[in-house]
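Asks: Coordinates for the following, if possible.
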Amino acid sequence: MPRTKGRGHSRATLDKAQGLSKLLSQHVNTVKVILEKHPYFPQKYHFIDAYAGPGYNVEEQCEGSPTIFLKTAEESGIDYYAWFVEQDIKSVKELRKIIEGYPNCEVSPYNNSQAVPTIARSLPENAYGLVHADPNGIPDFEMLSKVSRIDELDKFDILIRYNAAAVKRNEFQTGERMLDHLKKINKKYWIIREIRPGDIWQWTFLLGTNWKGLKAWKSQGFLYAITPEGIKPEAAEIINKLNYTKDERTTLGGWQ
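Replies: The predicted model follows:
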């Protein structure tokens, strides 16, 4: 994947931005309804962007995740607070300019492996929201595991932009695949987006939650894939494609 100012871009960038916008809109508005019905929960949506970047992709002429979230939150009318974690100094400067004027947010110019768990631990008990992880390479699953195991944040979800092909290429070093990574994260349910046709990198979204009431949104390719009972039969094909190489799928039983 090409890189510019510390961030990657590819043909999947536009699809990512569109998918993220739709997913965040659904998640934010679902939380808004929940908070309206349960005033004893903290009345704020909390958002931690673990790999914030500069806030805009020049090559693809599309907004980055910080801008997408802020516009989504503003349009929903929900009370929110957002942390954008980004260590690259040039990206930090650009991002601060882009989000200037938006309230209730800040740029955290630190290493995300330390900053994200620290921010998460500062949230109030039963906080709603999510941590968003969209790295250039493989996500820091140890970092995400730490967040998922904070007892007071059972309702705080995890959203990962996942490059399955890159992970499988790196498997010979780590010995781990997608299912191994997800087992580290303390979430009962995983909603996974189907791979787009022709996507050789096998990009997807992985949304981990402890609440089975969140809609899967099948019309947009999102489906409940993993539950406490195991892998859902209707999701077996996509799980196998994301977790195994083509040769391995053939050996396992003919998946292509």
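
Asks: And the helices in the stretch 51-200 of the chain, which stretches?
Replies: 65-76, 89-98, 112-121, 141-148, 164-174, 178-184 (DSSP state H, counting those that start in this stretch).

Asks: What is the last one packed up against?
Replies: This points to helix 178-184. When contacts are defined as 3 or more CB pairs under 8 Å, 6 or more residues apart in numbering; DSSP states H and E, helix 178-184 packs onto helix 141-148, helix 164-174, strand 203-209, helix 236-243. C-beta here means a position set from N, CA and C on the backbone, and glycine is covered the same way.

Asks: same deal with the second one?
Replies: If you count contacts as 3+ CB pairs under 8 Å, 6+ apart, helix 89-98 packs onto helix 65-76, strand 105-108.

Asks: Give me the buried positions along it.
Replies: With burial defined by 16 or more other CB atoms under 10 Å, the residues of helix 89-98 counted as buried are 91-92, 94-96, 98.

Asks: ok, Ala17 touching Cys62?
Replies: Yes. Judged on CB atoms under 8 Å, Ala17 makes contact with Cys62 at a distance of 4.6 Å.

Asks: just the helices and strands packed on helix 89-98: most buried one?
Replies: helix 65-76 (a mean of 20; mean count of other CB atoms under 10 Å).

Asks: remind me which residues of the stretch 151-256 of the chain are low pLDDT?
Replies: Along the stretch 151-256 of the chain, segments meeting pLDDT under 70 span 171-173, 252-256.

Asks: Neighbours of the closest residue to Gln87 other than its chain neighbours, how many?
Replies: Spatially, and ignoring its direct neighbours in sequence, Gln87 is nearest to Asn111 (5.6 Å; CB to CB, 6 or more residues apart in numbering). Neighbour count for Asn111, taken as other CB atoms under 10 Å: 12.

Asks: Ok, the one 10 residues further on next?
Replies: Other residues near Arg121 number 12, with proximity taken as other CB under 10 Å.

Asks: gap between it and Tyr81?
Replies: 15 Å (CB to CB, to the nearest Å).

Asks: pLDDT weak spots in the stretch 1-150 of the chain?
Replies: Filtered on pLDDT under 70, the stretch 1-150 of the chain yields the residue ranges 1-12, 60.

Asks: how about 80 then?
Replies: Residues of the stretch 1-150 of the chain meeting the criterion pLDDT under 80: 1-14, 58-61.

Asks: Was I right to think the residue nearest to Gln87 contacts Pro117?
Replies: No. Between Asn111 and Pro117 there is no contact under CB under 8 Å: 10.9 Å.

Asks: rewinding a little: intersection of neighbour lists for Ala17 and Cys62?
Replies: Shared contacts of Ala17 and Cys62 (CB atoms under 8 Å, 6 or more residues apart in numbering): none.

Asks: in terms of contact, does Val147 touch Leu153 like I think?
Replies: Yes. Counting by CB under 8 Å, Val147 touches Leu153, with 7.1 Å between them.

Asks: Find the residues that touch each one of those two.
Replies: Overlap of the contact sets of Val147 and Leu153 (by CB under 8 Å, 6+ apart) consists of Ala120.

Asks: now the lengthiest helix in the chain against strand 203-209, angle please.
Replies: Taking DSSP state H as the criterion, the chain has its longest helix at helix 12-37. Put simply, helix 12-37 runs at 20 degrees to strand 203-209, going by axes from the mean of the first three to the mean of the last three CA atoms, to 10 degrees.
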